[in-house]
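J.: prediction below, plus the sequence it came from.
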Amino acid sequence: MGMTLAEKLCAQAAGASSVTPGEIVTAKVDLAMVHDSSGPRRLAPKLAEIGAEVWDPSKVVVITDHYVPAVDAESAAILDLTRKWVAEKGVEAFYDMQGICHIVLPERGHLKPGMFVAGGDSHSTTGGAFGAFMIGIGATEMAGVMATGEIWVRVPPTIRIEWTGALGQGLAAKDIMLKLCGALGMSAGNYKAIEYGGPAISALPMVERMVLSNMSAELGGKVGLIAPDAVTLDYLRSVGANAGHDALDWQSDGDAEFEAVHTFDAGALAPQVAAPHSPENAADADAHGKVRVDQAYIGACTGAKLSDLHMAADILRGRKVAPGVRLMVAPASARITNAAAADGTLATLTGAGAILLPSGCGACAGYGAGVLAAGEVCISSTARNFKGRMGHAESQVYLASPYTVAAAAVAGHIIDPRSMLLETAA
Amino acid sequence: MSALSGRAWVFGDNVDTDVLAPGVYMKGPMSELAKHCLEAVDPEFARNVQDGDIVVAGENFGMGSSREQAGQALIELGIAALLAKSFARIFYRNAMNLGLPALVCPEAGQIEAGDTLTVDPAAGTTLIARSGAVLSCEPIPSHLLAMIADGGLLPHLKKKLKGKAA
């Protein structure tokens, strides 16, 4: 019988010819990625406790994104410790204030099909968009990886999610994911691999595919895989990564066994909005009524890539942010900021009244600038809206695509963005 | 490892890492972060919890972030074991890695707040003193039980690395 992509990736990492779901294997790690919150400040004392050194500094990537830029003595100390640690350990792949780890990692050519990667962050599933088995783990687990270069994993069964048809105008990968959170629930993929496919997925550029893999974490998934194709190879070439001659071999076999197959029609999808306090509270934007917003936030690994800024600009061109609403934009990386400045996107955003924030995780998890007061309502292009995550426990966060977030900023309330795009076109 | 006895705190489904370890307190010391553990769903929890207490929950406990401070805050507050209908996978590994036994217990819904429980992680059983009911939980897999018996992944690795050096 054939193997799924997830099984093939686990088998390769375990040095086995085949594996079956449920089997526990020891995997060799090709790359370990950590950020300033889960990284050196947590790892250094743990490695010291067991008297271990980093197994291979050339396979470690460290990225500062949670506490950048420093806003007080505590965050400055965390960043200082991070910088000193990478210098001491000889970690050359260190990206300081260059953007959010899940974006910077592929942007700098560290990911390619067939890899087994451990990431010190739950959204590490993003790497699955490149056909890599990339899992999120905690800091003690990461200390074990750093000491040994290995990790045990239970080979996951795979859920295949097919999207047929084509996304309409004003729709994005974020709408696909919020729809899936609503339809399948927050634990549908717990301990499982999720594999995306079908014509609507194949039509997406890499940066949009990354949204699906990223938010596989919201379905509880261990990994969120998309088999590599010509789009993947083009992206890898553009960032100077050598994909390898066997890159396109990383596919599920035709006779592979999936635990479940779910099929959705992209053509029937309307813009989605998830109500507080869970992504699974997703429904069509229209179904929420005209919920008034205080803040609109375009940021985070899953909501502030160049394509996301373009979506917001499509809405904001020739329009203004409504009085009493603050629209904040935190581009996901320094390179994205640079590209958005060069192509005029930033001018469109700030011209409409958007406030530009530094690249980093920002307000998404309540670490950075832009957090909320009690009773405030925010619509956000981020991945999670758990109670209190973005500030006060009594604040309200709605999740939506950059189109829908920008449209709410203009209207002052939640609205289906497609009416604004039609007006623009007319 | 031997059985543990303690008082139950009962929570619902999908308790997330952001309420266990709120982001705004993540840069501070654990002693401070722990004071805000579960505050958004039960403001009295951190104040009233006692050493040896047991947290009981529904489905998907610990969903969300990989921050292991979510489990560490519970340890800091003296929690001795976790019982849930299911756990989110990263949290499950983190708890075990920190030496905190986490048992999958489909019948956890029978437990009421304040119940005195006796949990046997190796056998996979939980006794409710009030009713005398013995709930069958999934036993913790043997390779993880050995790690928990050592006190978590780091002491376990230290032992292994020492063994190699000798």
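T.: Nice, thanks for sending it over.
J.: going forward, measure contacts and count neighbours with C-alpha atoms only.
T.: Noted.
J.: quick check: residues of chain B near chain A?
T.: B:14, B:16, B:18-19, B:22-24, B:26-28, B:40, B:60, B:63-68, B:88-91, B:93-94, B:97-98, B:153-155, B:157-158 (C-alpha under 8 Å from any C-alpha of the partner chain).
J.: narrow these to those that are buried.
T.: Among these, those scoring as buried are B:14, B:16, B:18-19, B:22-24, B:26-27, B:40, B:60, B:63-68, B:88-91, B:93-94, B:97-98, B:153-155, B:157-158 (criterion: 16 or more other C-alpha atoms under 10 Å in any protein chain shown).
J.: now intersect these with the helices, please.
T.: B:18-19, B:89-91, B:93-94, B:97, B:153-155, B:157-158 (DSSP state H).
J.: and the residue of the stretch 51-200 of chain A nearest chain B?
T.: A:Ser122 (4.7 Å; C-alpha to the nearest C-alpha).
J.: residues near that residue, how many?
T.: Counted with other C-alpha atoms under 10 Å in any protein chain shown, the neighbours of A:Ser122 add up to 26.
J.: ok, now which ones touch the residue nearest to A:Ile355 when sequence neighbours are not counted?
T.: Residue nearest to A:Ile355 in three dimensions, not counting chain neighbours: A:Met328, with 4.8 Å by C-alpha to C-alpha, 6 or more residues apart in numbering or on different chains. Residues counted as contacts of A:Met328 (C-alpha atoms under 8 Å, 6 or more residues apart in numbering or on different chains) are A:295-298, A:354-357, A:370.
J.: now with 10 Å?
T.: A:295-299, A:349-350, A:353-357, A:363, A:369-370, A:380, A:406, A:409 (C-alpha atoms under 10 Å, 6 or more residues apart in numbering or on different chains).
J.: kindly report the same for A:Ile50.
T.: A:Ile50 touches A:143-144, A:147, B:154-162, counting by C-alpha under 10 Å, 6+ apart.
J.: what would these look like in JSON lines with pLDDT and distance to A:Ala270?
T.: What follows is those, written out as JSON lines (pLDDT from 0 to 100; distance: C-alpha to C-alpha, whole Å):
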{"residue": "A:Ala143", "pLDDT": "98", "distance to A:Ala270": "44"}
{"residue": "A:Gly144", "pLDDT": "97", "distance to A:Ala270": "44"}
{"residue": "A:Ala147", "pLDDT": "96", "distance to A:Ala270": "48"}
{"residue": "B:Leu154", "pLDDT": "95", "distance to A:Ala270": "48"}
{"residue": "B:Pro155", "pLDDT": "95", "distance to A:Ala270": "52"}
{"residue": "B:His156", "pLDDT": "93", "distance to A:Ala270": "51"}
{"residue": "B:Leu157", "pLDDT": "92", "distance to A:Ala270": "51"}
{"residue": "B:Lys158", "pLDDT": "91", "distance to A:Ala270": "54"}
{"residue": "B:Lys159", "pLDDT": "90", "distance to A:Ala270": "56"}
{"residue": "B:Lys160", "pLDDT": "85", "distance to A:Ala270": "54"}
{"residue": "B:Leu161", "pLDDT": "83", "distance to A:Ala270": "55"}
{"residue": "B:Lys162", "pLDDT": "81", "distance to A:Ala270": "59"}
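J.: would TSV of these with distance to A:Ala76 be doable?
T.: Shown next, in TSV, are the contacts of A:Ile50 (distance: C-alpha to C-alpha, whole Å):
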residue	distance to A:Ala76
A:Ala143	23
A:Gly144	27
A:Ala147	27
B:Leu154	28
B:Pro155	31
B:His156	33
B:Leu157	32
B:Lys158	32
B:Lys159	35
B:Lys160	36
B:Leu161	34
B:Lys162	36
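J.: ok, which pair from the residues you listed is furthest apart?
T.: A:Ala143 and B:Lys162 (16.4 Å; C-alpha to C-alpha).
J.: neighbour count for these two, which is higher?
T.: Per other C-alpha under 10 Å, whichever of A:Ala143 and B:Lys162 has more neighbours is A:Ala143, with 28 against 12.
J.: what packs against the helix or strand hosting A:Glu195?
T.: Assignment of secondary structure by DSSP states H and E places A:Glu195 within strand A:193-197. Strand A:193-197 sits against helix A:5-14, strand A:158-164, helix A:206-214, strand A:223-226, strand A:260-265, with contacts defined as 3 or more C-alpha pairs under 10 Å, 6 or more residues apart in numbering or on different chains; DSSP states H and E.
J.: looking at these, which one is packed in the most?
T.: strand A:223-226 (a mean of 34; mean count of other C-alpha atoms under 10 Å in any protein chain shown).
J.: that strand near chain B at all?
T.: No - using C-alpha under 10 Å from any C-alpha of the partner chain, strand A:223-226 stays clear of chain B, with a minimum separation of 11.2 Å.
J.: parallel or antiparallel, list what pairs with the longest strand seen in chain B.
T.: Criterion DSSP state E: the longest strand present in chain B is strand B:4-10. Sheet neighbours of strand B:4-10, with direction, are listed as strand B:54-57 (parallel), strand B:116-120 (antiparallel) (DSSP bridges).
J.: and of those, who's closest to A:Leu309?
T.: Nearest of the strands paired with strand B:4-10 (C-alpha to C-alpha): strand B:54-57, 40.0 Å.
J.: now do the helix or strand just after that closest one against helix B:89-97, angle only.
T.: Scanning forward in sequence from strand B:54-57 by DSSP H and E, the next helix or strand is helix B:69-76. Interaxial angle of helix B:69-76 relative to helix B:89-97 (axes from the mean of the first three to the mean of the last three C-alpha atoms, to 10 degrees): 30 degrees.
J.: what helices or strands is the helix or strand following helix B:69-76 leaning on?
T.: Per DSSP H and E, the first helix or strand lying C-terminal to helix B:69-76 is strand B:81-84. Helices and strands touching strand B:81-84, by 3+ C-alpha pairs under 10 Å, 6+ apart, are strand B:4-10, strand B:54-57, helix B:69-76, helix B:89-97, strand B:102-104, strand B:116-120.
J.: center of chain B - which residue?
T.: Nearest residue to the geometric centre of chain B (C-alpha atoms, centre = their mean): B:Leu82, 3.3 Å.
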